[in-house]
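1. predicted model and sequence follow; I will ask about them next.
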Amino acid sequence: MARPFDVHAVETKWQEHWATEGTYEVNNDDPREHFYSLCMYPYPSGSAHQGHIRNYTFGDLVVRYQTMRGKAVLSPFGFDSFGLPAENAAIKARSHPRIFTEARMAELRSSVERLGAVYDWRRLVVSHDPTYMKYAQMIFLTFWRAGLAYRATAPVNWCPGCGTVLANEQVLPDGTCERSGDLVERRELEQWFFRITDYAEELLNDLDGLEWPERVKVMQRNWIGRSAGVEFDLPLVSDPSLALRVFTTRPDTGFGITYAVVAPEHPLLEHLTTPDQREAVDELVTRARAASELERTATAEDGSLAKRGAFTGSYVRSPFTGAEVPVYVADYVLGNYGTGAIMGVPGEDERDFAFARAYDLPVVRTVAPPAGHEGAYGGEGRHINSGFLDGLTVAEAKAEATQFLVEHAEGHPTVNYRLRDWLISRQRFWGCPIPIVYCDSCGIVGVPLEQLPVLAPDDVTMDQTGQSPLATHPGFRDTTCPQCGGPARRETDTLDTFTDSSWYFLRFADPFTPDRPFDAVQAARWMPVDQYIGGIEHAILHLLYARFYTKALVDVGLAPGLPREPFARLFTQGMIRLQGTKMSKSKGNLIAPERYFDTVGADGLRVFHLFVGPPADDVDWTAQTEDVIEGCARFLDRIYRLATSDLAAREYDASRDDAVRRAVHRTIAKVGADLDRWSFNTAVAALMELLNVLTRWAYAENTVSTATFDEALDTLLALLAPMAPHLSAELWERRHPDEPSVHLQPWPIADPAWTVEPRVTMVVQVDGKVRARLDVDPEITEESAHAAALAHPDVVRWLDGRAPVRVIVRAPRMVSVVTR
RNA sequence: GCCCGGAUGGCGGAAUCGGUAGACGCGGAGGCCUCAAAAGCCUUUACUCGCAAGGGUGUGUGGGUUCAAGUCCCACUCCGGGCACCA
């Protein structure tokens, strides 16, 4: 497609201009109102793909728009540069992940600069930068000393494909690794954890105050999984000094207990198992331990819980009925949730019902189900078969039953969370080493601050053997104890890379103060982030971890006075799809943005991403897409031609000026409102409409006065500036060579006097159908509208002599005449 | 199974507070310019009946509320996403 100007020359000219002028560098003490705009920290996977382009187009629009609105806008950039892909690539090529990573960082940076997205590059943050690592390690040690990091042996998720353990959040519901797709194994390992569960309640409650998409909040609420209930004792029949402690959210159904179940890992299982049941129990425990999540749940496909439990031979006594009920062991009860043991209430719980069916256990209903209901009933109803609870509603009975358990069964109300502590150890090389030393005499010792950062040596063999690559490097592994000076051994695991993206936004706010991660007073000038932009795929992992870090940093004293929530407003953009599947590097179905940079240019590609649909919606890349991109470039070309054509000699007819000026001011109002509500596609459409108005008058009728036309064109360029920054800057400069750039101009303000129309169309409905349209004054009174509507010949015709029964007047928009 | 979204012309989408459905763009049709093409410009484009004037129908389906429903209510279908042994 032939363009009327040299797109490439114009775009590079302005990109160099913004870089050399430092237009978008901003200091912390800037007196203007502060605004922090941030796109999610990218993993450097090479040159930008369409998802990046979309992300940075939105982010850059926000930055430039808010700047023109008079704010000091913080717009930083950085790289989440540690991670598995670079390490795997390095193993394959017998190279070093740093080499891959830095080459790809350069590519991505070049792409975003080519897009014309502007940043304060002085604030660049890179995860593998030794300075950043030093503070990442300092934060880890501070958390550890505050008791928020701890080392424990636990059954963990081991991914054979990645050669490392994973956090719960990285395991998909089907038990596979979210990254490699391998079936995750359970291994018993000693690992480092962050005590995120200490913050479960706050992480849940603070969601309410965030301007985030509701579905992201719902996902986080589900993930945290708060459930309030009661813990109480079921005494052993054989030894009443011992009891099985269970947790339930339905204490009201206690009269329906017909059995109890313990998890295969339960500490009391050994004691509960009688000699004649030993074999069956051992077999079940062995099977449960070996089975993956997937295999376990697969057996339950048909809803049956057969073969998933075994009788222990013991009995406990129900505090409600005094009855002796059998104790089973079953893998559907989890060892690490609640007390690892439950009461079996098949009447009201579906799993219990399925288990009772499979093991032929009695079912006692305690809540009357609706007529004809089969199976377990978990809904509302009146209690039956429940002694002192009979006749009560579920809520009433819960309160009564809780009270009873407190008095008679060592009970107390408890809250449990689905959320587990965050496993942060990774048996990989390309990450930040955990700054810990193990000494035989001193135990676990933190590396002293002055010895940070702990850096991995470069000559490490990274082959995946299941142990940390660093452990195979004696020079790194063997060290001396910082406390006693004796021989010691370093921690050889690295930190989960999600720790890096959990505080980078704070480092952006103040990378200038020496000797600390950031200065709290400086960071507080920007925090919280006013607008955070990224993909929905981070709804749980990154966004939950970053919230935890922010709260913890405040509590351990590294960020005194900072807000406890990092991201005030979140926008999650849609993804790009090709033939129904997500466009991504790993799927190999990319349409590279580069090809458009030289044809339609960065501005054309930006306008396309803004115009193609609502920012939150997915974009289907189809055969038509190329045409739409061309159309966006055509829109810019028309602006170029209009702005560079010579109209000064044209005739002047002042009668048309007002109409043009009204179109201009209505567009100002529309575009501003649309940008504020993230309706970028309609904002672009409004500019297209304005251009259509201007073109029509300027070319077809030659009647617009130069002054009005100039005002209109200048306004158009200003409104266009956040969307197509290069072209608008270029045309503005040509029109105003002695003035500051369009990007430094104030955002246009609509004059209310010019946003109202002198005449509007009023419709008249007869019995609900539009039968006439009238051109009226917008200030028309109800009476005049009423009279004018009934006098209209079309209305008279449609009334056909019938008298209106009712007339509803909504001047000046509409009159509704009813005859029936 | 549960919880969220969503369904509007040939296509992407618009309609912000219950008040002119289809803005804007893509694609299509016709025209101007040109030796011709490209580019550009102009007209037209929901479906349908009609020569026309002018009607009728129409926002996934079926009901309802209302003078008036894409928008609100009830039931359902399909699509997308999340959750799903957490007691």
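-> The structure has been received and is ready for your questions. Here the structure is a predicted model, which means the values were calculated and not measured.

2. gap between stretch A:367-383 and the chain center?
-> Centre-to-centre, stretch A:367-383 and its host chain are 39 Å apart (CA atoms, centre = their mean, to the nearest Å).

3. CA atoms of that stretch as CSV?
-> Extracted as CSV, the C-alpha positions of stretch A:367-383 are listed here (Å, rounded to 0.1, in the frame of the first residue of the first chain):
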residue,chain,number,x,y,z
VAL,A,367,-32.3,-31.9,57.0
ALA,A,368,-35.7,-32.5,55.3
PRO,A,369,-35.1,-32.5,51.5
PRO,A,370,-37.6,-31.3,49.0
ALA,A,371,-40.1,-34.0,48.0
GLY,A,372,-38.6,-36.6,45.6
HIS,A,373,-35.0,-35.6,46.2
GLU,A,374,-32.5,-38.4,46.0
GLY,A,375,-29.0,-38.6,47.2
ALA,A,376,-27.3,-36.2,49.6
TYR,A,377,-29.1,-32.9,50.2
GLY,A,378,-27.0,-29.9,51.0
GLY,A,379,-29.6,-27.2,50.7
GLU,A,380,-31.8,-25.3,53.1
GLY,A,381,-34.5,-27.0,55.1
ARG,A,382,-35.8,-27.9,58.6
HIS,A,383,-33.9,-30.3,60.8
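
4. in that stretch, which residues are buried?
-> Using 16 or more other CB atoms under 10 Å as the test for burial, stretch A:367-383 gives A:367, A:369, A:376-378, A:381, A:383. Quick note: C-beta positions are derived from backbone N, CA and C, even for glycine.

5. leaving out the residues flanking it, which one is nearest to the residue of the stretch 351-500 of chain A found nearest RNA strand B?
-> The stretch 351-500 of chain A approaches RNA strand B most closely through A:Arg418 (4.0 Å), counting by CB to the nearest atom of the strand. In space, not counting the residues next to it along the chain, A:Arg418 is nearest to A:Gly225; the distance is 2.6 Å by CB to CB, 6 or more residues apart in numbering.

6. next, count neighbours for A:Ala721.
-> Applying the criterion other CB atoms under 10 Å, we find 25 residues in the vicinity of A:Ala721.

7. contacts only, for it.
-> By CB atoms under 8 Å, 6 or more residues apart in numbering, the residues touching A:Ala721 are A:64, A:68, A:728-729, A:732, A:742-743, A:745.

8. can you give me the strands for the stretch 201-350 of chain A?
-> Taking DSSP state E, counting those that start in this stretch as the criterion, the stretch 201-350 of chain A contains strands spanning A:226-235, A:243-248, A:259-262, A:309-317, A:324-330, A:341-344.

9. quick one, which of these is nearest to A:Glu279?
-> With respect to A:Glu279, and counting by CB to CB, the nearest of those is strand A:309-317 at 9.1 Å.

10. on that earlier part again, is it correct that the residue nearest to A:Arg418 is in contact with A:Gly338?
-> No: shown here, A:Gly225 and A:Gly338 do not form a contact pair, counting by CB atoms under 8 Å, at 11.6 Å.

11. flag every residue of the stretch 701-820 of chain A that's near RNA strand B.
-> For the stretch 701-820 of chain A, the contact set with RNA strand B under CB under 7 Å from any atom of the strand comprises A:760-761, A:763, A:765, A:767-771, A:773, A:794, A:806, A:808, A:810, A:813-814, A:816, A:818.

12. quick one: which of those sit in strands?
-> Helix and strand membership here follows DSSP state E; of those, those in strands are A:760-761, A:763, A:765, A:769-771, A:773, A:806, A:808, A:810, A:814, A:816, A:818.

13. in TSV, list those residues along with distance to A:Val684.
-> Supplementary listing: these in TSV, determined by distance: CB to CB, whole Å:
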residue	distance to A:Val684
A:Val760	26
A:Thr761	26
A:Val763	29
A:Gln765	34
A:Lys769	35
A:Val770	30
A:Arg771	36
A:Arg773	29
A:Arg806	43
A:Ile808	37
A:Arg810	31
A:Met814	30
A:Ser816	35
A:Val818	41
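
14. quick check on the residues you listed: which are buried?
-> Among those, the ones that count as buried (16+ other CB under 10 Å) are A:760, A:765, A:771, A:814, A:816.

15. who does the last one bridge with?
-> Applying DSSP bridges to A:Ser816 yields these beta-bridge partners: A:Gln765, A:Ile808.

16. residues in contact with it?
-> By CB under 8 Å, 6+ apart, the contact set of A:Ser816 is A:764-765, A:768, A:807-810.

17. and the furthest pair within the residues you listed?
-> Of all pairs drawn from the contacts of A:Ser816, the widest gap by CB to CB lies between A:Gly768 and A:Val809 and measures 15.4 Å.

18. between those two, who's got more neighbours?
-> Counting neighbours by other CB under 10 Å for A:Gly768 and for A:Val809 shows that A:Val809 has the greater number, 20 against 10.

19. quick check: the more buried one touching A:Val815?
-> Yes: A:Val809 sits in contact with A:Val815 when judged by CB under 8 Å, with a separation of 5.2 Å.

20. need the residues touching each of these two.
-> Here A:Val809 and A:Val815 have A:785-786, A:789 as joint contacts, going by CB under 8 Å, 6+ apart.

21. which ones among those residues are found in helices?
-> Among the shared contacts of A:Val809 and A:Val815, the members falling in helices (DSSP state H) are A:785-786, A:789.

22. quick revisit: between the contacts of A:Ser816, which is nearest A:Gln531?
-> For the contacts of A:Ser816, the closest approach to A:Gln531 (CB to CB) belongs to A:Arg810, at 37.8 Å.

23. helices and strands of chain A: which one bottoms out on pLDDT?
-> Using mean pLDDT, DSSP states H and E, the weakest-scoring helix or strand in chain A turns out to be helix A:293-298, at a mean of 56.

24. hey, where'd the helices end up in the stretch 51-200 of chain A?
-> Counting by DSSP state H, counting those that start in this stretch, the stretch 51-200 of chain A has these helices, from start to end: A:84-93, A:97-114, A:130-145, A:200-205.

25. determine which stretch of the ones you listed is the most buried.
-> Between the helices of the stretch 51-200 of chain A, helix A:130-145 has the highest mean count of neighbours, a mean of 20, where neighbours are mean count of other CB atoms under 10 Å.

26. hmm, back to that, export the ones in strands among the residues of the stretch 701-820 of chain A next to RNA strand B to CSV and tack on pLDDT?
-> Compiled in CSV, these are given as follows (pLDDT from 0 to 100):
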residue, pLDDT
A:Val760, 85
A:Thr761, 86
A:Val763, 89
A:Gln765, 90
A:Lys769, 86
A:Val770, 88
A:Arg771, 88
A:Arg773, 86
A:Arg806, 89
A:Ile808, 91
A:Arg810, 87
A:Met814, 90
A:Ser816, 91
A:Val818, 90
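
27. and which of these is nearest RNA strand B?
-> Within these, distances to RNA strand B taken as CB to the nearest atom of the strand reach their minimum at A:Ser816, with 3.1 Å.

28. from A:Ala772, how far off is the closest one?
-> Relative to A:Ala772, A:Ser816 is positioned 12 Å away (criterion: CB to CB, to the nearest Å).

29. just A:Val807 next, same as before
-> As for A:Val807, its distance to A:Ala772 is 13 Å (criterion: CB to CB).

30. common neighbours of the two, please.
-> Counting by CB under 8 Å, 6+ apart, the contacts common to A:Val807 and A:Ala772 are A:Ala789.

31. quick one, which of these two is more surrounded?
-> Relative neighbour count places A:Ala772 above the other of A:Val807 and A:Ala772, with 20 against 16, counting by other CB under 10 Å.

32. returning to that earlier point: farthest pair in the buried ones among the ones in strands among the residues of the stretch 701-820 of chain A next to RNA strand B?
-> Greatest spatial distance in these: A:Val760 and A:Arg771, 17.9 Å, computed using CB to CB.

33. how about A:Thr248, what does it touch?
-> Neighbouring residues of A:Thr248 by CB under 8 Å, 6+ apart: A:229-230, A:232, A:254, A:342-343, A:345.

34. repeat that for A:Val607.
-> Neighbouring residues of A:Val607 by CB under 8 Å, 6+ apart: A:632-633, A:635-636, A:684, A:723-724.

35. perfect, I'm done here.
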